[in-house]
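[1] sequence and predicted structure, then a few things I'm wondering about:
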Amino acid sequence: MPEGYETVVGLEVHCELATATKLFCGCPNVFGAEPNTNICPVCLGLPGSLPVLNRRAVELAMRIGTALGCEIRPSVFHRKNYFYPDMPKDYQISQYDEPVNVNGRLELPDGSVVGIERAHIEEDTGKTTHVGATGRIHGASHSLVDYNRAGVPLVETVSAPDIRSAEQARAYVIELRGVLVATGASDGRMEEGSLRVDANISVRPTGSDILGTRCEVKNLNSLRSLVRAIEYEARRQVELLEAGGAVTQETRHWDEDAGVTHPLRSKEEAYDYRYFQEPDLVPLVPDAALLEAATAGEALLPSDRRRRIAEVFAAHGAEASAEQVLTVIELDLDQLVLDAVEVGADARLALARAANEAAARPDDARRLDPRAFADLVKMEHDGKLSATQSKTVLGALLEEGGDPADIAARLGYEALDTAELEAAVDRVIAESPDEWTRYVGGDAKVTGYFVGKVMQATKGRADGKVVSSVLAARRDEAAGR
Amino acid sequence: MSLLDAGAAAVAKAVRAGDVTAVEVIEEALARLDATEGDLHCFQTVLGDKARREAARVDEAVGEGRDPGPLAGVPIALKDNLCTHGIETTCSSRILEGWRPPYDATVVERLRGAGAVAVGKTNLDEFAMGSSTENSAFGPTHNPWDLSRVPGGSSGGSAAAVAAGVVPLAFGSDTGGSIRQPASLCGVVGIKPTYGVVSRYGLIAFASSLDQIGPFAPTVADAALALEVIGGGDPRDSTCLARPAPRLIEVLGRGVEGLRVGVLEDFVDDVSASCRRAANDAADALAAAGAKVDAVSVPEARLGLPAYYVIAPAEASSNLARYDGVRYGLRVEGPDVEAMNARTRAAGFGREVRRRIMIGTYALSAGYYDAYYGQAQRVRTLVTRAFDAAYERFDVLLSPTTPSEAFELGAKTANPIEMYLSDLCTVSSNLTGQPAISVPYALGDEGLPVGVQVMAPALGEALMVQVAAVLEQAAPAEARGPVPVGGRARGEAADGA
Ligand SMILES: [Zn+2]
């Protein structure tokens, strides 16, 4: 961000609810079916059809509201009117000025708090594919519409403009996704479109408390797009202002390939949605049973999980890397770490192995036997395996399961004793006099060279850190310190 | 006298007893349809062979000792805005021409389940927008009493089919008077039930918060029977009340002794002398039968019409958005999807429908919403409160149904406002959601039937029907259908007796 300016971001996150059926009909709510196979008169908006609200969708929406600390209120549905081919009724049933969840908050891992203005229920649209060379509407010969997604329940969570950077926006979406998954409301899969993000972005002079003119940026299909788009858009707006121009309030499209945003056609901007209360539905007044279901069996939220890890680490006098904690929670490996610690694994090392090596294969890692994982961590911690060996054994463990001790034996791993290691280091030093001179002279860049050579010589049985410390000791001797 | 003229209950009784076959009854109805259709144009679609097959199934059931239901073998007509599985359903609009719904409306299911047999889909003002059936894209329907007159609307085809004796029972929808006004103009009984008593599932929406389906019949008893069949909760319509259909047949003979009847005096200056006279005579008849009759003013009733003509078009503008050429019905191609939408809608909708879409779109627009739609909703609340207050003093209210007798075809087509005034006495019940019935009560100065309207509080169908049955007894037989096409010669008695 250029000096003197601050970015202000509010996010709208659309989340497809993991219900068995659609919001207003009995069609299956599934991803990836043959086009136009999960449809009926209601979700096709055929003349004479009427919507009937899915109770489970309401329950999930209220669970989200509960998890975000929202006030859950009686609500009504409105029609948002605009013509679009993938919208069967040419209006979307949504909640407007009386949404089910209002005034919540989401605390991020760094302790910052983002306000939640609302989290309301609405129906999804179908999907249009433009057939032609570019896949864009211009130049397409015709378009195909798949209505399988039409009428799928969504909850749109609207944050306050409390976000101040692209990184914070990223952290917010990850945290919110964790909440949505924890409540059972969503599978959280951004790549399948079950989580979609729009960003309202503005800039203002640092220290100002007046909001600048915002642009809404759409088509943010990944966290990477989100971060890049916010950074780009903030820079664009600052450059505009610096050049004496003004930001126009408009909707802009993120072009992932070009790395730029550009305005959507003005025609699409001109919509007047003519909201009015949906006369085909009655106001939604949650009964006691629904309220009970929405608050019962409180979900284990990401913040709860962070707290849990912090407590366990504190009890073991260990310090947890915040980044590794976020990774294991995001990948659902925090329980593995806690279980391993429970049976005696070193907390810091268990976390590191889970957040790095296990995290590279999260599906296998989630199936890992915590006791086997704990045994592996203990072997490494006790020096029975070098770090490199430990990682190799973990890889095999993820691949095929089993007992880490057996795997280590099979691989011929046994810890190097110090004398053997020192001999190897000395041999390598003798073979590379020039590099050694540079190293002794303070050129840290050749450290890697020596560690690599020693690893080679010991066939990976050495521990990199131990090698480094032996090298440092030899250097100090050579330098006469 | 033909069995068909004896009414729906009599037909069903004879069919259930095996005294006559449903096939015979349906053949007679189809023959009458055939004989009158050239003059009247009641029907958009005639279901000859399908009706014969269904009738045969009814007879089969009787033959096997199964009860086909309370409307066994009764020929019925369905307004062409009620979805019928596999049968073209047009709303009398070019935009839906050829569209065959993949499902039946709930009322259609229930009627079939009760043994009724649909012989056709009836003509209406396009998308039920109108008061004369002249807005049909497929030509107007004529009033059987006088072929130069309109049957009223929008359910004109259904009203005229009953008035001409083609069917003893027909169904329509009432959004601002579309059952009661044509019932009055055609000399038959028409009921607009309490909002939520009859499922709207499968009724092609005009204005969702106002639309209700109801029956036409020559008699109060048959209309009541029909409402018992089609009424009752439906999980497919969230606005349908989760309660059984009202019990009406059992109250028919109860009389009006001690009932408090309010005679609404607010329309006195807006209606013709014959309509005024009919309502006053009806009041006298109720008093003579033991009711406590008093004049009452509900001034807010006059506010109903302008509020209605904002709310109904507003909802219609949204309900009719889906006719965009993308999925079904008419499509007129264009260079892009927006042009295709616009051309399809310009070609597919008639003038009145386009007018109301524009009015409704305007009324909901940013900057105008509060002045129009918001204000109309506030008026709606006022009207409802005013009627609720009146029902604290009265069990039912009585008024003219229409401002005039049936008017000449073409008389009001040039002036939409004048046409809209046809709904003056009926729209309030739609705004309040309360039930109302029109009962033929007199022949007017122009020799045409004039109805009176009995209104009741929400879910007051039984009281309303109870009063209507007494009025029916007091009314001259010459005031009600069926009539021969072109009307009865002066002095000819009703019911061919
Ligand atoms: Zn569906």
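    Received the coordinates, thanks.

[2] assign a three-state SS to B:G177, would you?
    The three-state assignment at B:G177 reads coil, by DSSP: H, G, I helix; E, B strand; the rest coil.

[3] now do A:L241
    A:L241 ends up helix, using three-state DSSP.

[4] who's in contact with it?
    Contact analysis of A:L241 by Cβ atoms under 8 Å, 6 or more residues apart in numbering or on different chains lists A:5, A:203, A:247. In this view, the C-beta of every residue, glycine as well, is placed from N, C-alpha and C.

[5] how many residues are close by A:N36?
    14 (other Cβ atoms under 10 Å in any protein chain shown).

[6] same question, A:H381
    16.

[7] wait, doesn't it sit right on A:A347?
    No: the pair A:H381 / A:A347 is not scored as a contact, 10.2 Å apart, by Cβ atoms under 8 Å.

[8] B:A160: what's it in contact with?
    By Cβ under 8 Å, 6+ apart, the neighbours of B:A160 are B:40, B:42, B:141-144, B:151, B:182, B:186.

[9] and the strands in the stretch 301-450 of chain B?
    With DSSP state E, counting those that start in this stretch as the criterion, the stretch 301-450 of chain B has strands at B:396-400, B:436-443, B:449-455.

[10] other SSEs contacting the first one?
    Contacts of strand B:396-400 with other secondary structure elements, assessed using 3 or more Cβ pairs under 8 Å, 6 or more residues apart in numbering or on different chains; DSSP states H and E, are made with strand B:260-264, helix B:273-288, helix B:375-393, strand B:449-455, helix B:461-474.

[11] can you tell me which of the ones you listed is most buried?
    Burial of these is given as mean neighbour count (mean count of other Cβ atoms under 10 Å in any protein chain shown); strand B:449-455 ranks first at a mean of 31.

[12] columns distance to chain A on top of the helices and strands packed on strand B:396-400, output as TSV?
    Shown next, in TSV, are those (distance: least, Cβ to the nearest Cβ, whole Å):
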stretch	distance to chain A
strand B:260-264	27
helix B:273-288	32
helix B:375-393	9
strand B:449-455	22
helix B:461-474	21
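
[13] of all these, which one is nearest the ion?
    helix B:375-393 (30.5 Å; Cβ to the ion).

[14] contacts for the closest one next, please.
    B:260, B:262, B:296, B:298-301, B:303-304, B:306-308, B:310-311, B:314, B:363, B:397, B:428, B:431-434, B:455-457, B:460.

[15] among those, which are located in helices?
    Of those, the ones assigned to helices by DSSP state H are B:304, B:306-308, B:310-311, B:314, B:363, B:428, B:431-432.

[16] nearest to B:C275 among those residues?
    The nearest member of the ones in helices among the contacts of helix B:375-393 to B:C275, counting by Cβ to Cβ, is B:S428 at 16.3 Å.

[17] where's the closest one relative to B:A245, distance?
    Going from B:S428 to B:A245 by Cβ to Cβ, to the nearest Å gives 24 Å.

[18] equivalent analysis for A:V76, please.
    If you go by Cβ to Cβ, the gap between A:V76 and B:A245 works out to 28 Å.

[19] about what we covered before: for A:S141, find the nearest of the strands of the stretch 301-450 of chain B.
    Of all those, strand B:436-443 comes closest under Cβ to Cβ, at 54.9 Å.

[20] got the CA coordinates for that closest one in PDB?
    Provided in PDB are the C-alpha atoms of strand B:436-443 (Å, rounded to 0.1, in the frame of the first residue of the first chain):
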ATOM      1  CA  ALA B 436     -67.300 -12.800  -0.500                       C
ATOM      2  CA  ILE B 437     -70.000 -14.400  -2.600                       C
ATOM      3  CA  SER B 438     -72.100 -13.000  -5.400                       C
ATOM      4  CA  VAL B 439     -75.700 -14.300  -5.700                       C
ATOM      5  CA  PRO B 440     -78.000 -13.500  -8.600                       C
ATOM      6  CA  TYR B 441     -80.800 -11.400  -7.200                       C
ATOM      7  CA  ALA B 442     -82.800  -9.500  -9.800                       C
ATOM      8  CA  LEU B 443     -83.200  -8.600 -13.500                       C
END
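
[21] what pairs with it, parallel or antiparallel?
    strand B:189-192 (antiparallel), strand B:449-455 (antiparallel) (DSSP bridges).

[22] now the ones you listed in JSON lines, with distance to A:P263 and mean pLDDT?
    Output for these, formatted as JSON lines (distance: least, Cβ to Cβ, whole Å; pLDDT from 0 to 100):
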{"stretch": "strand B:189-192", "distance to A:P263": "51", "mean pLDDT": "98"}
{"stretch": "strand B:449-455", "distance to A:P263": "56", "mean pLDDT": "98"}
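
[23] residues contacting A:S225?
    Contacts of A:S225 (Cβ under 8 Å, 6+ apart): A:219, A:254, A:256.

[24] can you rerun that using 10 Å?
    A:S225 makes contacts with A:190, A:197, A:199, A:217, A:219, A:254-256, A:259, as judged by Cβ atoms under 10 Å, 6 or more residues apart in numbering or on different chains.

[25] and for A:L385?
    A:376-379, A:391-394, A:404-405, A:408, A:411, A:413-415, A:461, A:463.

[26] ok, now with 7 Å
    A:379, A:393, A:408, A:413, A:415 (Cβ atoms under 7 Å, 6 or more residues apart in numbering or on different chains).

[27] in strands, which of the residues you listed fall?
    The members of the contacts of A:L385 all map outside strands under DSSP state E.

[28] now do stretch B:87-102: distance from first to last residue.
    9 Å (Cα to Cα, to the nearest Å).

[29] just name the shakiest helix or strand of chain A by mean pLDDT.
    None of the helices or strands of chain A scores lower by mean pLDDT, DSSP states H and E than helix A:266-269, at a mean of 52.

[30] and the lowest mean pLDDT element among the helices and strands of chain B?
    Bottom-ranked secondary element of chain B by mean pLDDT, DSSP H and E: helix B:416-420, a mean of 91.

[31] outline the domain layout of chain A.
    A:5-292, A:302-410, A:418-478 (automatic domain parsing).

[32] how far is the first one from where the chain is centred?
    It stands for domain A:5-292. Distance, stretch centre to chain centre, for domain A:5-292: 16 Å (Cα atoms, centre = their mean, to the nearest Å).

[33] same question for the second one.
    Taking the mean C-alpha point of domain A:302-410 and that of its whole chain, the gap between them comes to 21 Å (Cα atoms, centre = their mean).

[34] count of neighbours near the residue of the stretch 1-150 of chain B found nearest chain A?
    Per Cβ to the nearest Cβ, B:C83 is where the stretch 1-150 of chain B lies closest to chain A, at 4.3 Å. Using other Cβ under 10 Å, the number of residues around B:C83 comes to 27.

[35] just B:Y103 next, same as before
    If we define neighbours as other Cβ under 10 Å, then B:Y103 has 20 of them.

[36] again with A:G448
    11.

[37] try A:G184
    There are 15 residues near A:G184, going by other Cβ under 10 Å.

[38] next up, identify which helix or strand it is on.
    For A:G184, there is no enclosing helix or strand under DSSP states H and E.

[39] in chain A, which spans are strands?
    Using DSSP E, the strands of chain A run over A:5-16, A:71-72, A:78-81, A:91-94, A:101-107, A:113-123, A:127-131, A:142-146, A:153-159, A:195-205, A:215-220, A:250-255, A:260-263, A:276-277.

[40] between those, which gets nearest to the ion?
    strand A:113-123 (10.6 Å).

[41] now check the closest one, is it near chain B?
    No: for strand A:113-123, no contact with chain B is found by Cβ under 7 Å from any Cβ of the partner chain; the gap never falls below 14.1 Å.

[42] could you tell me the average pLDDT over that strand, please?
    Averaged across strand A:113-123, pLDDT comes to 98.
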